[in-house]
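> how would this look folded up:
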Amino acid sequence: MSVTSRVAVLPPGTRTLEIIEVELPDPGPYQVIVRQYASGVCHSQLHQIHRDRTEGVILGHESTGVVEAIGSSVHHVAVGDDVLVTWVPREPQAAFRPTVRATLNLPDGTTAASQNVFTWATHTIADEQYIVKAPEDTPRDLGSIIGCAVMTGAGAVMHTAEVKAGQSVAVWGVGGVGLSAIAAARNAGASPIIAVDIDDAKLEMARGFGATLLVNAATSDAVKEVRRLTPGDRPADVGGVDWAFDCIGKSISTKQAISSAKSGHVAESPGGAAVIVGIPTEPVEISSVEIVIGEKRLIGSLAGSCSPDTDFPVLVGWHLDGTLDLDQLITARYALDDINQACEDLESGRIAGRAILDFTL
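Next comes the predicted model:
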């Protein structure tokens, strides 16, 4: 079968995406062609846009859509199934063959490649490991951000940290990933849940997702304020949280998250932990003395340590039962032709929650 897709392509030597009409190849044995409903617009894609490149790039790594064609060895989805596309193999704990990176032949004779999938397109072709059958009643537009933003933030709380009821949590950066982390902390029974950001409007938004305390890092010393809000049990304790999640990935936010984690009591109880969730964009110089003396931990979390086949039904269920409001999380919608404006708005901080490409526009 012949499937034509309008694809956002980033040519080498430029930071401006071009919409190009491309004929997709027939699916190989382990590939799936998906006509897309919507796609997330993620900060990590901006990092790719700013890198030096010698070949064309196709971007986007979370979406919803419907299966239009499958390869001969694909059995977990069928033509007509609604699906979610993600950049993490759907069953990462299982042994599986190497996945196939999506690459397109462009009309001018050049090629454009993805890291693994591409979703800034009307239709995509991907290895079946990145295609998850949509749980029943998954919203076709709102579900498009589950495959990265929601999974990354919520999974860091659920799996990387395994936050327990009654533990204290601070979240640095309350965009789409941070808000998902806050919702997961609320669902885990964490208390208090402190949202840290430099934008009062975003902080107020965080309250609706479960934040119980708000700290504006632009108008206060965020570390001192988090410590003040979470005092220790002993007079000499400086305070701090059990879990501090850096959902930004900047040097300053990582260092502040580490310093806001509580110190332990030697031979009695360990200190708190800082979890790096946002993709780091710069080197970080940390105080190893602070980590050792406080018996603190520094942990990395990639994609929230999630298994999409197992976790996506849980996350969709949270939306359906009202404990994760995807309607409020998505604050901007763009047509595919407006992808460069979407990237500019995201980079300039004009998007409070999460932006999506809506292919019905």
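
> need the strands for the stretch 251-361 of the chain, in chain order.
Shown for the stretch 251-361 of the chain, the strands assigned by DSSP state E, counting those that start in this stretch span residues 273-276, 297-300, 330-334, 354-358.

> which sections of the protein are below the confidence cut-off?
Where the chain drops to pLDDT under 70, the residues are 1, 95, 235-236, 267.

> so which residue is dead centre in it?
The residue lying closest to the centre of the chain (Cα atoms, centre = their mean) is A149, at 2.6 Å.

> tell me if I'm right that that residue and E62 touch.
Yes - between A149 and E62 a contact is recorded at 7.0 Å, counting by Cβ atoms under 8 Å. C-beta: built from backbone N, CA, C; applies to glycine.

> next, show the common contact partners of those two.
G40, C42 (Cβ atoms under 8 Å, 6 or more residues apart in numbering).

> okay, the angle between the longest strand seen in the chain and strand 354-358?
Ranked by residue count under DSSP state E, the longest strand found in the chain is strand 31-41. In terms of direction (axes from the mean of the first three to the mean of the last three Cα atoms, to 10 degrees), strand 31-41 departs from strand 354-358 by 130 degrees.

> re the thing from before, wasn't the residue nearest to the centre of the chain part of a helix?
Yes - counting by DSSP: H, G, I helix; E, B strand; the rest coil, A149 is part of a helix.

> OK, contacts around the nearest residue to it once chain neighbours are set aside?
Excluding its sequence neighbours, the residue lying closest to A149 (Cβ to Cβ, 6 or more residues apart in numbering) is G176, at 4.0 Å. G176 is in contact with G40, I145, A149, V150, G153, L329, G353, R354, counting by Cβ under 8 Å, 6+ apart.

> quick one: which of the residues you listed has the most company?
V150 (34 neighbours; other Cβ atoms under 10 Å).

> how near is that one to G272?
Separation of V150 from G272 (Cβ to Cβ, to the nearest Å): 25 Å.

> how about H43?
Noted for H43: a distance of 26 Å to G272, by Cβ to Cβ.

> how about I146?
Taken as Cβ to Cβ, the span from I146 to G272 is 29 Å.

> can you check A222 too?
15 Å.

> repeat that for S305.
Applying Cβ to Cβ to S305 and G272 gives a distance of 19 Å.

> more neighbours: which of the two?
Each of S305 and G272 has its neighbours counted (other Cβ under 10 Å); G272 has more, 25 against 20.

> for the residue nearest to that one when sequence neighbours are not counted, list each beta-bridge partner.
Sequence neighbours aside, A261 is the residue nearest to G272 in space, at 3.3 Å (criterion: Cβ to Cβ, 6+ apart). Residues in a beta bridge with A261, per DSSP bridges, are V241.

> surely A261 and I286 touch.
No - assessed by Cβ under 8 Å, A261 is found out of contact with I286, at 11.8 Å.

> contact partners for the residue nearest to G272?
G240, V241, D242, W243, A244, G271, G272, A273, A274, G294, K296, R297.

> isn't the second one up against V223?
Pointing back at V241 there. No - with contact defined as Cβ under 8 Å, V241 does not reach V223; the gap is 10.6 Å.

> quickly list what's touching both of the two.
Common contacts of V241 and V223, defined by Cβ under 8 Å, 6+ apart, comprise S260.

> those two - which one has more neighbours?
More crowded of V241 and V223, by other Cβ under 10 Å: V241, with 26 against 23.
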